[in-house]
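J.: Output the structure for:
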Amino acid sequence: MQTYCKGDFMVDTNEKKEYAIKVSNVSKMYKLYQRNRDRMIDSLGLSRKKLYKEHYALNDINFEIKNGESVGIIGTNGAGKSTILKIITGVLKPTTGTLDINGRISALLELGAGFNQEYTGIENIYLNGTMLGYSREEIDAKMDDILAFADIGDFVYQPVKSYSSGMFVRLAFAVAINIDPEILIVDEALSVGDVFFQAKCYKKFEDFKKQGKTILFVSHDLSSIRKYCDRVILFNKGHKLAEGAPKEMIDLYKKILTGSKEDIEKAETLGVEALQDKTKDGFDEKNENTWSSHFEVNPDRVVYGSKEVEIIDFGLEDETGNLTSVLSKDADFVIKYKVRFNEKVKNPIFTYTFKNVKGLEVTGTNTLIERSYLEEGQPGEEYTVSFKQNMNLQGGDYLLSMSCTGYDLEGNLKAYHRCYDLLSVTVISDKDTVGFYDMYSKVEITKN
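T.: Below is the predicted model:
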């Protein structure tokens, strides 16, 4: 067990606890000075007044990660994600609060930190392994695995200053991930190298999960967060807003990305419930003249937005033009919805997305990608948006989402109306291949 307590560091390996990481009331404050002169005066204690502005990168953070659990941390840039990881790994000390670590950590933060440019790759492996607390004998036992994973050949005997950037990160990643830690901490580090090396990295990550290792994972790749994490913690501007199931936290994160400054400030003080849209969506499911009346709309759908543009009806048509949520594989179909402009909006973007039952986004598109533009909508105007395509998804159940978004004058994405997991769609198939799609291969077998 490692414990940080108001900047002090202690080690106690005698006590075994059910949690791997416990963060209690941790804050990290930085002093921001307007002038270097003020910094010097303050460091010498020559002024009685405060010459700096306090900036809290983290503010009273509390969470616990159990042994064998995979937990993700998500949030916008500047939310405090990397700061909390650096505190957990001992790179930074908290201003206040306590931190308990129960297990040996390997951290993939800034790959190559601690490498000596004049040393060879082999020498840096021993250097990094020693810094991580391993004996020479333990490093020797892992050497073959490290070299095989890095796969940089005889360059491992050359000074790392001669390496390309790709070779450098391959070696750094190989060292960090092959020392058999009890706790693995990853910060946006699974996208290094070429596509073959990335596949190797993800395979190693999956092996860690199968072995019951504790994993703390920070990434902007929401698909990876959803795939690998049992639980997700949502950060925003140094605060922990919420924690829970990946799907729920990712939906809240998307609201933060498109929410107003006032909404986010309200969420920080009142909790994430302040981000929930309490208003009803515009679907009149009991009106037989609407498309949506032909469908069973998901009662747990997530709906929010500023409503300058509003989705008021939706439907799916099969290849015969019938309204249905049961579609045949390899058949044409149409996703369509009606929108009403409540205010003047320029260049709106209309979207749809299919997710699988685990919440992974499988496919989708929008009018910006398809280069189908509506320059402007006026208050009171209504439009029908139709996406016509062929169903290439494998047989199974999917969730359909749709939305209307756009960009404000400052270039920020704005959600006018988003309807996540609106409808369950079933694809009927008599031939499924591997994965999400059928490539409709034409096979020939000829005798030579």
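J.: Phi, psi for S162 please.
T.: phi -90, psi 0 (degrees, to the nearest 10).
J.: Excluding chain neighbours, give the residue nearest to it in space.
T.: In this structure, S162 finds its nearest non-sequential neighbour in F155, 7.5 Å apart by CB to CB, 6 or more residues apart in numbering. In short, each C-beta sits where N, CA and C put it, glycine included.
J.: hang on, the one you found packs against Y163?
T.: Yes. If you go by CB atoms under 8 Å, F155 and Y163 touch, sitting 6.5 Å apart.
J.: So between those two, which is more surrounded?
T.: Y163 (21 against 17; other CB atoms under 10 Å).
J.: wait, what's in contact with E18?
T.: Residues near E18 by CB atoms under 8 Å, 6 or more residues apart in numbering: 66-67.
J.: Actually, M167.
T.: With CB under 8 Å, 6+ apart, M167 has these contacts: 152, 155.
J.: three-state assignment of it?
T.: helix (DSSP: H, G, I helix; E, B strand; the rest coil).
J.: Please apply the same query to K307.
T.: Per three-state DSSP, K307 ends up coil.
J.: Ok, L85 next?
T.: Per three-state DSSP, L85 ends up helix.
J.: Then the one 5 residues further on?
T.: In terms of secondary structure, G90 is coil; the call rests on three-state DSSP.
J.: what's the neighbour count on it?
T.: Other residues close to G90 by other CB under 10 Å number 14.
J.: and if you look at V443?
T.: 4.
J.: what's the pLDDT at the closest residue to E382 other than its chain neighbours?
T.: With CB to CB, 6+ apart as the criterion, E382 has its nearest non-adjacent residue at 4.9 Å, and that residue is R340. R340 is assigned a predicted lDDT (pLDDT) of 97.
J.: contacting residues around R340?
T.: Contacts of R340 by CB under 8 Å, 6+ apart are 282, 309-310, 312, 380-382.
J.: Report the helix or strand with the lowest average pLDDT across this protein.
T.: strand 8-11 (a mean of 40; mean pLDDT, DSSP states H and E).
J.: Helices of the stretch 101-250 of the chain, residue ranges please.
T.: 121-131, 136-150, 165-177, 195-210, 222-228, 246-258 (DSSP state H, counting those that start in this stretch).
J.: Toward the C-terminus, what is the element adjacent to the least confident helix or strand of the chain?
T.: strand 19-33 (DSSP states H and E).
J.: Leaving out the residues flanking it, which one is nearest to the residue nearest in space to the middle of the chain?
T.: The chain has L222 as the residue nearest its centroid, 3.2 Å off, counting by CA atoms, centre = their mean. Distances taken as CB to CB, 6+ apart place I250 nearest to L222, at 5.3 Å, with adjacent residues excluded.
J.: okay, now K447: neighbour count?
T.: 3.
J.: Is it in a helix, a strand, or coil?
T.: Quick answer, by three-state DSSP: K447 is coil.
J.: and it, what does it touch?
T.: Counted by CB under 8 Å, 6+ apart, K447 has zero contacts.
J.: do the same with N287
T.: Contacts of N287 by CB under 8 Å, 6+ apart are S293.
J.: what does Q158 give?
T.: Counted by CB under 8 Å, 6+ apart, Q158 has contacts 120-121.
J.: Same question for F235.
T.: 73-75, 79-81, 84, 241.
J.: which of these lies closest to Y52?
T.: Closest approach between the contacts of F235 and Y52, by CB to CB: G80, at 19.5 Å.
J.: following the strand or helix carrying F333, which helix or strand shows up next?
T.: Per DSSP H and E, F333 falls inside strand 332-341. Next helix or strand after strand 332-341 toward the C-terminus (DSSP H and E): strand 345-346.
J.: What pairs with that next one, parallel or antiparallel?
T.: strand 376-377 (antiparallel) (DSSP bridges).
J.: just checking, what packs against the host helix or strand of L99?
T.: Per DSSP H and E: L99 is located in strand 96-101. Judged by 3 or more CB pairs under 8 Å, 6 or more residues apart in numbering; DSSP states H and E, strand 96-101 is in contact with strand 2-5, strand 19-33, helix 81-88.
J.: okay, the angle between that strand and strand 19-33?
T.: Counting by axes from the mean of the first three to the mean of the last three CA atoms, to 10 degrees, strand 96-101 points 150 degrees away from the direction of strand 19-33.
J.: tell me the mean pLDDT for strand 96-101?
T.: 94.
J.: so that strand versus helix 81-88, what angle?
T.: Using the same axes, to 10 degrees: strand 96-101 against helix 81-88 is 70 degrees.
J.: circling back to that earlier point, which of the helices and strands packed on strand 96-101 is buried the deepest?
T.: helix 81-88 (a mean of 22; mean count of other CB atoms under 10 Å).
J.: Contacts for it, please.
T.: By CB under 8 Å, 6+ apart, the list of residues contacting helix 81-88 reads 4, 21, 23, 26, 28, 57-58, 61, 73-75, 92-94, 99, 101, 105, 107, 109, 185, 187, 216, 218, 235, 238.
J.: This completes my enquiry, with thanks.
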